[in-house]
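Trainee: Have a look; sequence and predicted model below, questions after that.
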Amino acid sequence: MTSVVPDRYREYTEEHYDAIVVGAGIGGLTSAALLAQKGLSVLVVEMHYELGGCATVFSRVGKGQGYEFDVGLHYIGDCEREGLIPRILRGAGVEHVDFIEQDPAGFDSLYFPDFEFRIPRGAEQFKQRLLELFPREKKGIERYFKLLDQVWSIMGVHGRALKALQVYPRCMLALRHINATVAEFLDTCTHDQRLRAILTGQLGVYHQPPSRASLMGHAGVTMHFMQGSFYPAGGGQVISDRLAEAIESKGNKILLRTKVQRMLIEGGRVVGVEFSNKALGTRCAYAPIVISNADLKQTMLNLVGESEISTRTAERTKAYEMSPGMGVVYLGIRRDLAKEGMRNTNLRIYPSYDFETAYRDVQNDVFSERPHVFVGNASLKDPHNPKVAPEGITNLQLMSVTPSSFSAWKITEQEYKDGSYRKNPRYLELKEKFAAAVIRETERVIPNLSRDIVFQEVSTPITMMRYTDASNGTSYGMSLIPSQFLHNRPGAKTDIKGLLMCGANMRNGHGIFGAMTSGVEAAAMVVGKRFGQDVLSGRF
């Protein structure tokens, strides 16, 4: 007996729900699935034709050959059976996601001008490898890892007051530096150029240079991957699809290609949303709870509107600094890198030890001549997935931080709105120039790469804006800097009663990890704080 696939584009019969979720990114899907498990009726509304946000794959067919490329999930930590991510998924009704671990002896490989360093799984293993390489820096290395351990302990509190009373007194080093940048803390540990480069070599995970990045955010991200680095078999879309199935299995509704036009607010309380859909026209849906997984600025300033929120909230929302966007070069190359000896590792390629200039350039709308490059190898991360690339072809994704403004990409806001920017010759020329630069840097590690390319496509921050409506074309939400971290970052509650937020802009942080835990927090705001703790601990 075959199951009927729900119509996610044209069918809409019920107008009233217990909760509406705006945006089917991983945070919104997590919150919706958790509420569905608790028996609430839920409507999920998404502007894109695919669900998942950054946890999405797209397919390309060229000359009869197919590729699948992951949009935003390139690797994720803490995914063993009892890891945090599987615990959240099980709480949301998802059991069947297989995670493939990357090389535990070196899941991240850092390439500098004159040496290479492989980051292993486990903080103790990482520390010992550094002590062997930098024996004269023992005191500073131990201080750094003491800080990491304390931050990880603080992150484990999850809002439980009694546990905080036990944990915080043992974490004074971290608490003393809670508002520090990475560079400020490293100044108390070491001045060795190579060691500092290694300790900050994963900065592409949050896209801020050491002089600006939040130490607490950096430490949390680092420790997240110390629990192991994984990739979901089948790509990030698998997680999104399983969450969607869990939502729909409880009789709930997902509408794609459906853009919310405004929040419906009466007397300071949200009562629903107005949306447009090509097949359905302009319609309304009603619920006492709305959870927005959409961009924070778009939600508060446009969907809600400044007239409905306090002047203080409006000004603060406008002032939030967003993370830089990324350019991505999607490649198929006629080579088998596994047979050439490449392990299942991410490549992080740096043209120098200077991590500041590239980000300063981006802030000034300047394209770097020698960009930092992150290389993801889907063929090695997901070796049994025949959709990744044709036989004999390796699927690579080359990423780097880039300017995000329309002016930097030589287009106008009107061209963006009407879609004509995609044919703008200046925009196309800049895409090719960007691709050439990152390919050139990557050839330091994968020689003759350009000679073997059989498929190439480039996305930009403008592409991300088009599909997600994200401010600044970022997939990382608000910048991870001290003034925008922890309680300086928004929580789930808003000025509007019944309107909650989740996603990359929230206090939980960015990335798949941050978005999923923010989805848990939003759901807990609806059904009870204890519920969130039960999900995170695996009791639900």
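Mentor: Sure, I can see it.
Trainee: Pop out the phi and psi values for residue 117.
Mentor: phi -140, psi 130 (degrees, to the nearest 10).
Trainee: Can you get me a residue count around it?
Mentor: Counted with other Cβ atoms under 10 Å, residues neighbouring residue 117 total 19. Heads up, the C-betas are built off the backbone N, CA and C, glycines and all.
Trainee: what do you get for residue 109?
Mentor: Residue 109: 20 neighbours (other Cβ under 10 Å).
Trainee: for the one 4 residues further on, same thing?
Mentor: Neighbours of residue 113 under the rule other Cβ under 10 Å: 9.
Trainee: so what's it closest to, chain neighbours aside?
Mentor: For residue 113, ignoring the flanking residues on the chain, the nearest one in space by Cβ to Cβ, 6 or more residues apart in numbering is residue 352 at 6.2 Å.
Trainee: Please report how far residue 367 lies from residue 400.
Mentor: Between residue 367 and residue 400 the computed distance is 10 Å (Cβ to Cβ, to the nearest Å).
Trainee: Quick check: neighbours shared by the two?
Mentor: Contact criterion Cβ atoms under 8 Å, 6 or more residues apart in numbering; residues shared by residue 367 and residue 400: 434, 437.
Trainee: So for those two, which residue has more residues nearby?
Mentor: Between residue 367 and residue 400, counted using other Cβ under 10 Å, residue 400 has the larger neighbour count: 25 against 18.
Trainee: what pairs with the one helix or strand the more buried one maps to, and is each one parallel or antiparallel?
Mentor: Using DSSP states H and E, residue 400 falls within strand 394-402. The pairing partners recorded for strand 394-402 under DSSP bridges are strand 325-333 (antiparallel), strand 373-377 (antiparallel).
Trainee: Just checking, which helix or strand succeeds the worst-scoring helix or strand of the chain on mean pLDDT along the chain?
Mentor: Ranked by mean pLDDT, DSSP states H and E, the weakest helix or strand in the chain is helix 161-167, scoring a mean of 78. Counting by DSSP H and E, the next helix or strand C-terminal to helix 161-167 is helix 172-176.
Trainee: tell me how far that next one is from the chain's mean position?
Mentor: Distance of helix 172-176 from the chain centroid (Cα atoms, centre = their mean, to the nearest Å) equals 27 Å.
Trainee: how about the CA coordinates for it, as PDB?
Mentor: What follows is helix 172-176, C-alpha atoms only, in PDB (Å, rounded to 0.1, in the frame of the first residue of the first chain):
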ATOM      1  CA  MET A 172      35.400  31.400  37.000                       C
ATOM      2  CA  LEU A 173      38.000  31.600  34.200                       C
ATOM      3  CA  ALA A 174      35.200  31.500  31.600                       C
ATOM      4  CA  LEU A 175      33.000  33.900  33.600                       C
ATOM      5  CA  ARG A 176      35.800  36.400  33.900                       C
END
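Trainee: And whichever helix or strand comes after that helix, what does it pack against?
Mentor: Next helix or strand after helix 172-176 toward the C-terminus (DSSP H and E): helix 182-186. Packing partners of helix 182-186 (3 or more Cβ pairs under 8 Å, 6 or more residues apart in numbering; DSSP states H and E): helix 138-155, helix 215-226.
Trainee: tell me the most buried of those helices?
Mentor: Comparing the helices and strands packed on helix 182-186 on average neighbours per residue, with mean count of other Cβ atoms under 10 Å, the densest one is helix 215-226 at a mean of 24.
Trainee: Run the chain-centre distance for it.
Mentor: Centroid separation for helix 215-226 versus its chain: 14 Å, with Cα atoms, centre = their mean.
Trainee: likewise stretch 482-492?
Mentor: For stretch 482-492, the distance to the chain centre is 17 Å (Cα atoms, centre = their mean).
Trainee: now the helices and strands packed on helix 182-186 as TSV including mean pLDDT and distance to residue 193?
Mentor: Listed next are the helices and strands packed on helix 182-186 as TSV, based on pLDDT from 0 to 100; distance: least, Cβ to Cβ, whole Å:
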stretch	mean pLDDT	distance to residue 193
helix 138-155	96	13
helix 215-226	96	18
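Trainee: Distance to residue 250 added to the ones you listed, as a markdown table?
Mentor: Output for those, formatted as a markdown table (distance: least, Cβ to Cβ, whole Å):
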| stretch | distance to residue 250 |
| --- | --- |
| helix 138-155 | 31 |
| helix 215-226 | 30 |
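Trainee: so which of the strands paired with strand 394-402 comes closest to residue 497?
Mentor: Checking the strands paired with strand 394-402 against residue 497 by Cβ to Cβ gives strand 325-333 as the closest, at 33.6 Å.
Trainee: Setting aside sequence neighbours, what's the nearest residue to residue 366?
Mentor: Of all residues not flanking residue 366 in the chain, residue 403 sits nearest, at 6.9 Å (Cβ to Cβ, 6+ apart).
Trainee: which residues sit against whichever strand or helix holds residue 88?
Mentor: For residue 88, the host element (DSSP H and E) is helix 84-91. Residues outside helix 84-91 that contact it (Cβ under 8 Å, 6+ apart): 30, 34, 37, 76-80, 95, 97, 99, 239, 242-243, 512-513, 516-517, 520, 534-538, 540.
Trainee: and with 7 Å instead?
Mentor: Residues outside helix 84-91 that contact it (Cβ atoms under 7 Å, 6 or more residues apart in numbering): 30, 34, 76, 78, 79, 97, 516, 520, 535, 536, 538, 540.
Trainee: still on that earlier bit, distance from the chain centre to the least confident helix or strand of the chain, please.
Mentor: On Cα atoms, centre = their mean, the centre of helix 161-167 falls 29 Å from the chain's centre.
Trainee: how's the protein carved up into domains?
Mentor: Domain ranges of the chain: 19-59+76-98+233-320+476-537, 122-227, 325-403+410-459, per automatic domain parsing.
Trainee: Do a quick rundown of the helices in the stretch 201-350 of the chain.
Mentor: 215-226, 236-249, 296-297, 311-319 (DSSP state H, counting those that start in this stretch).
Trainee: Switch the ones you listed over to JSON lines; also include distance to residue 259.
Mentor: Output for the helices of the stretch 201-350 of the chain, formatted as JSON lines (distance: least, Cβ to Cβ, whole Å):
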{"stretch": "helix 215-226", "distance to residue 259": "32"}
{"stretch": "helix 236-249", "distance to residue 259": "18"}
{"stretch": "helix 296-297", "distance to residue 259": "16"}
{"stretch": "helix 311-319", "distance to residue 259": "20"}
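Trainee: looking at these, which is closest to residue 386?
Mentor: Proximity to residue 386 (Cβ to Cβ) singles out helix 236-249 among those, at 14.6 Å.
Trainee: Quick check: mean pLDDT of the closest one?
Mentor: Averaging pLDDT along helix 236-249 yields 97.
Trainee: for it, which positions count as buried?
Mentor: Applying a neighbour-count criterion of 16 or more other Cβ atoms under 10 Å, the buried positions in helix 236-249 are 236-248.
Trainee: wait, residue 277 sits on residue 258?
Mentor: Yes. Counting by Cβ atoms under 7 Å, residue 277 touches residue 258, with 4.4 Å between them.
Trainee: Give me the more crowded residue out of these two.
Mentor: residue 258 (27 against 18).
Trainee: how many other residues sit next to residue 479?
Mentor: Quick note: residue 479 (other Cβ under 10 Å) scores 23 neighbours.
Trainee: send the alpha carbons of stretch 40-54 over as CSV?
Mentor: Below are the C-alpha coordinates for stretch 40-54, written out as CSV (Å, rounded to 0.1, in the frame of the first residue of the first chain):
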residue,chain,number,x,y,z
LEU,A,40,-1.0,20.6,19.0
SER,A,41,-2.3,21.4,15.5
VAL,A,42,0.3,23.1,13.5
LEU,A,43,0.6,25.0,10.2
VAL,A,44,4.1,25.5,8.7
VAL,A,45,4.4,28.2,6.0
GLU,A,46,7.5,28.5,3.8
MET,A,47,8.3,30.9,0.9
HIS,A,48,10.7,28.5,-0.9
TYR,A,49,9.6,25.6,-3.1
GLU,A,50,11.6,23.3,-0.9
LEU,A,51,11.7,23.0,2.9
GLY,A,52,14.8,23.0,5.1
GLY,A,53,16.3,26.5,4.7
CYS,A,54,20.0,25.9,4.9
